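Undergrad: give the three-dimensional model of this entry:
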Amino acid sequence: MNFKIALQIFNSMAPVFLLIYLGWLAVHRGIVDKGAKKVCSTLVTDFVFPALLFNETYKAKPSEVFNGTWMLAFSIAMCSMWVIGYLVNKLALKKDIRQSAMQAMLCSFPNMGGMGIPFLALLIGASSAVSVAVANVIVAVTIIPATLFLLELGSSVGNADSNISGVKIFTTAVFKSLKKPMVAAVLVGLIFSISGLSQFLPKFAVSSLDIVAKSCNFISLFAVGVAVYGTRLSMSKGLTLNLLLKCLLNPAIVWTLVMLFGLTGQHAEEMIFLLAMPTATNAAILAYQWNVQEEEASSIYLASTALSIITLPILLVLMQANIPGIH
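TA: Just a heads-up that it's a prediction; the model follows:
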């Protein structure tokens with residue numbers, strides 16, 4: 001690996017650690033207290049991230065970005081990892097529905113915004129932004145709604161009266177998850193995209209959404225920094241197993257699908273790198289917001305981000321040696 005590639009990797013990761021440290025330092029210096037975690041988490045899950053998801057979905061014109069093979073391979077890879085993560089945590093680690101769903105999200109939701117965009121822009125170029133947008137749409141219509149539904153289902157089961165039927169619990173969870181800002185933003189965004197209504201959005205509304213969406217990375221990373229203050233990285237059995245799923249099994253699944261679908265060059269590089277990114281900031285934020293697996297979320301987020309300093313360069317070297325069209 002030459003110096004240019006090493007510098008690209010450093011430049012894509014350094015801002016992530018710097019902004020997390022800024023949130024940690026703000027608590028350490030007494031500028032904010034730990035209560036800021038709740039405020040930041042709410043801002044991200046109810047305002048900032050929904051704005052980002054709406055932007056990604058309504059701008060993703062099918063005629064411009066549709067690549068059926070790439071989208072299918074990406075969807076299968078990410079959803080497979082989500083299902084495996086859920087089953088491993090539910091069956092092997094004996095976690096409940098909510099804990100298993102959250103761990104599945106932490107194992108399968110890659111940091112495409114905070115690290116994927118700057119990393120691929122430096123490594124491949126501005127054209128990679130289209131793949132990031134498509135990937136975010138896939139995330140928005142698959143594992144995010146699935147995770148929110150199971151979180152709601154787990155809450156409903158836990159709070160349900162013994163006389164309430166399973167069907168009632170299920171339908172209640174569905175409606176509650178559909179009303180969540182993150183899910184609603186995707187549904188509305190898709191309606192705007194498919195119907196062509198996006199061209200009628202007022203300029204002031206578009207500008208306002210852009211301002212809110214662009215703040216996602218800073219607020220999310222700052223919130224993680226606040227949340228991890230005082231948290232110790234304890235290598236428990238659960239964390240070790242989930243890290244193995246995230247950092248070893250996940251790239252193996254992606255690589256296999258790249259081979260099976262015959263992807264080469266930039267398409268293969270984008271797919272492998274996007275799904276090999278460490279755990280997404282917003283996945284950790286979701287754990288804080290729902291008060292589920294909070295310590296585990298901080299640990300896997302930090303550990304997977306730190307390990308990516310090793311895994312991403314290794315993947316690049318392997319791709320250059322084995323996949324045609326990657327230099």
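Undergrad: contacts for the helix or strand hosting residue 289?
TA: Per DSSP states H and E: residue 289 is located in helix 281-290. Under the criterion C-beta atoms under 8 Å, 6 or more residues apart in numbering, residues 37-38, 40-42, 44-45, 49, 98, 102, 105-106, 109, 111, 113-114, 147, 151, 216-217, 220-221, 223-224, 227, 293-294, 296-298, 301 lie in contact with helix 281-290. For the C-beta atoms, the positions are set from N, CA and C on the backbone; glycine is no exception.
Undergrad: show me what counts as buried in the next helix-or-strand element following that helix.
TA: Next helix or strand after helix 281-290 toward the C-terminus (DSSP H and E): helix 294-322. Residues 294-305, 308, 311-312, 315-316, 319 are the ones in helix 294-322 that count as buried (16 or more other C-beta atoms under 10 Å).
Undergrad: please indicate which of the contacts of helix 281-290 are buried?
TA: Buried residues within these, counting neighbours by 16+ other C-beta under 10 Å: 37, 40-41, 44-45, 49, 98, 102, 105-106, 109, 111, 113-114, 147, 151, 216-217, 220-221, 223-224, 227, 293-294, 296-298, 301.
Undergrad: got any ranges where the stretch 101-250 of the chain has weak pLDDT?
TA: Counting by pLDDT under 70, the stretch 101-250 of the chain shows low-confidence ranges at 113-115, 117-118, 121-130, 157-174, 176-178, 231, 234.
Undergrad: how about a cut-off of 50?
TA: 162 (pLDDT under 50).
Undergrad: as a check, name the ranges of all helices in it.
TA: For the stretch 101-250 of the chain, the helices defined by DSSP state H, counting those that start in this stretch cover 117-123, 128-141, 143-159, 166-178, 181-195, 203-214, 216-228, 237-244, 250-260.
Undergrad: so which of those helices comes closest to residue 17?
TA: Residue 17 lies closest, by C-beta to C-beta, to one member of the helices of the stretch 101-250 of the chain: helix 216-228, at 8.9 Å.
Undergrad: quick one, that closest one and helix 203-214 angle?
TA: For helix 216-228 against helix 203-214, the angle by axes from the mean of the first three to the mean of the last three C-alpha atoms, to 10 degrees is 40 degrees.
Undergrad: residues touching the closest residue to residue 52 other than its chain neighbours, list them.
TA: Nearest residue to residue 52 in three dimensions, chain neighbours excluded: residue 213, at 4.1 Å (C-beta to C-beta, 6 or more residues apart in numbering). Residue 213 makes contacts with 48, 51, 52, 54, 55, as judged by C-beta under 8 Å, 6+ apart.
Undergrad: what about the first one, how many neighbours?
TA: Residues lying near residue 48 (other C-beta atoms under 10 Å) number 25.
Undergrad: grab the nearest non-local neighbour of it.
TA: residue 216 (4.6 Å).
Undergrad: repeat for the second one
TA: Ranked by C-beta to C-beta, 6+ apart and with sequence neighbours excluded, the top spatial neighbour of residue 51 is residue 212, at 4.0 Å.
Undergrad: how close does that neighbour sit to residue 197?
TA: Distance of residue 212 to residue 197, computed by C-beta to C-beta, to the nearest Å: 20 Å.
Undergrad: more crowded one of these two?
TA: In this view residue 212 and residue 197 are compared by other C-beta under 10 Å, and residue 212 has more residues nearby, 19 against 12.
Undergrad: so that one is in contact with residue 53, correct?
TA: No. The criterion here is C-beta atoms under 8 Å, and residue 212 misses it with residue 53 at 11.3 Å.
Undergrad: what residues does residue 116 make contact with?
TA: So residue 116 contacts 110, 132, 135, 273, 274, 277 (C-beta under 8 Å, 6+ apart).
Undergrad: how far away is the second one from residue 14?
TA: To tie it back to what came earlier, the one meant is residue 132. Counting by C-beta to C-beta - residue 132 and residue 14 are separated by 19 Å.
Undergrad: the two - which one has more neighbours?
TA: In terms of neighbours (other C-beta under 10 Å), residue 132 is the more surrounded of residue 132 and residue 14; the figures are 19 against 11.
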